[in-house]
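Participant: Fold the following for me, if possible:
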Amino acid sequence: MLDDFMVRATLAGVGVACAAAPLGCFVVWRRMAYFGDATAHAAMLGVALSLALQTSVFVGTVAVALAMAVTVTVLSGRGYGMDTLLGVLAHSALAAGLVAVSFLSGVRLDLMAYLFGDLLAVGRLDLAVIWGGAALVVVLLAWRWSALLLSTLNEELARASDIDPRREEMFLTVALAITVAVAIKVVGVLLIAAMLIVPAAAARGLSRTPEVMAILAGAIGSFSTVAGLRAAYVFDTPAGPSIVCVAAACFLAVTLATGVGRRGARRG
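Facilitator: Predicted coordinates:
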């Protein structure tokens, strides 16, 4: 079954969706969209360092993503606006990564594959890394779910319950770094944030509890993967952007449907 490249691509996309869904909910609740974007952009520098040091791209991107998170945490309390700080670091890391890649000699690199993903070229080893990383993210979030949710809703209440919000934020950062590392092959550096945010945002309008929102986000992300791959195959379009376009269409449909429902309820 795994000899079929479309099967491997579908499994890889669904694996990323399963990891990004619950994590994306926290990104939406905490309004960390720009932080997720910055972490994803920093992954390009991790790719360059991995190729230069001849190490695993997964390890390099996780290391750089964590370094980005620590840098933001250290500098955020020193008079820098968070949006300005993330903007500077995100684009600086992306530019540095692209420049560093140009200095690599003897390395054949498809830059577009890292920027926009190369889902159809996923191999068995890539599939194992993606599902291993996704499983790690799901286990980590399931273990810390209650603490993360409480610290997200009310930091003072979390401290009163003997929960350190900064520690929970670090767990969230680690999960985000792992998700970015496994998603590079699927949607690329520039579209990772979209896979985190768009399915979760679509699920928000249909959910009454956080758990339901996480499950629906996973379902929307998985559907977007399957439908986007089918569209890419039929219309000969890039796989990663096609997946994000389907997710955006789901968000638009949910937004319109809930808007119409609310107007009907008011008239009634």
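Participant: tell me which element residue 31 falls in.
Facilitator: Using DSSP states H and E, no element contains residue 31; it sits outside every helix and strand.
Participant: Now do it against residue 200, distance only.
Facilitator: Counting by CB to CB, to the nearest Å, the gap from residue 31 to residue 200 is 12 Å. In this view, the C-beta of every residue, glycine as well, is placed from N, C-alpha and C.
Participant: more crowded one of the two?
Facilitator: Neighbours per residue (other CB atoms under 10 Å) separate residue 31 from residue 200, with residue 200 holding more: 30 against 8.
Participant: got any ranges where the stretch 1-150 of the chain has weak pLDDT?
Facilitator: 1-3, 73, 76-82, 106-110 (pLDDT under 70).
Participant: what do you get for the stretch 151-268 of the chain?
Facilitator: 261-268.
Participant: can you rerun that using 80?
Facilitator: 185, 190, 259-268 (pLDDT under 80).
Participant: need the helices for it, in chain order.
Facilitator: All helices of the stretch 151-268 of the chain, identified by DSSP state H, counting those that start in this stretch, fall at 155-160, 165-187, 192-204, 210-235, 239-267.
Participant: Throw these into a markdown table and include distance to residue 65, thanks.
Facilitator: Formatted as a markdown table, those follow (distance: least, CB to CB, whole Å):
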| stretch | distance to residue 65 |
| --- | --- |
| helix 155-160 | 24 |
| helix 165-187 | 4 |
| helix 192-204 | 10 |
| helix 210-235 | 20 |
| helix 239-267 | 19 |
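Participant: Which of those helices has the highest mean neighbour count?
Facilitator: Burial of the helices of the stretch 151-268 of the chain is given as mean neighbour count (mean count of other CB atoms under 10 Å); helix 192-204 ranks first at a mean of 27.
Participant: export that one as PDB, just CAs?
Facilitator: Taking Å, rounded to 0.1, in the frame of the first residue of the first chain, the C-alpha atoms of helix 192-204 are listed here in PDB:
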ATOM      1  CA  ILE A 192       2.700  25.900   8.100                       C
ATOM      2  CA  ALA A 193       1.000  28.600  10.100                       C
ATOM      3  CA  ALA A 194      -2.100  28.300   7.800                       C
ATOM      4  CA  MET A 195      -2.400  24.600   8.700                       C
ATOM      5  CA  LEU A 196      -2.300  25.500  12.400                       C
ATOM      6  CA  ILE A 197      -4.700  28.400  12.300                       C
ATOM      7  CA  VAL A 198      -7.300  27.800   9.500                       C
ATOM      8  CA  PRO A 199      -8.800  24.400  10.500                       C
ATOM      9  CA  ALA A 200      -8.900  25.500  14.200                       C
ATOM     10  CA  ALA A 201     -10.600  28.800  13.200                       C
ATOM     11  CA  ALA A 202     -13.100  26.900  11.100                       C
ATOM     12  CA  ALA A 203     -13.900  24.500  14.000                       C
ATOM     13  CA  ARG A 204     -14.400  27.300  16.500                       C
END
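Participant: what packs against that helix?
Facilitator: helix 5-29, helix 33-53, helix 165-187, helix 210-235, helix 239-267 (3 or more CB pairs under 8 Å, 6 or more residues apart in numbering; DSSP states H and E).
Participant: can these go into JSON lines with extra columns for distance to residue 90?
Facilitator: Below are the helices and strands packed on helix 192-204 laid out as JSON lines (distance: least, CB to CB, whole Å):
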{"stretch": "helix 5-29", "distance to residue 90": "15"}
{"stretch": "helix 33-53", "distance to residue 90": "4"}
{"stretch": "helix 165-187", "distance to residue 90": "12"}
{"stretch": "helix 210-235", "distance to residue 90": "23"}
{"stretch": "helix 239-267", "distance to residue 90": "18"}
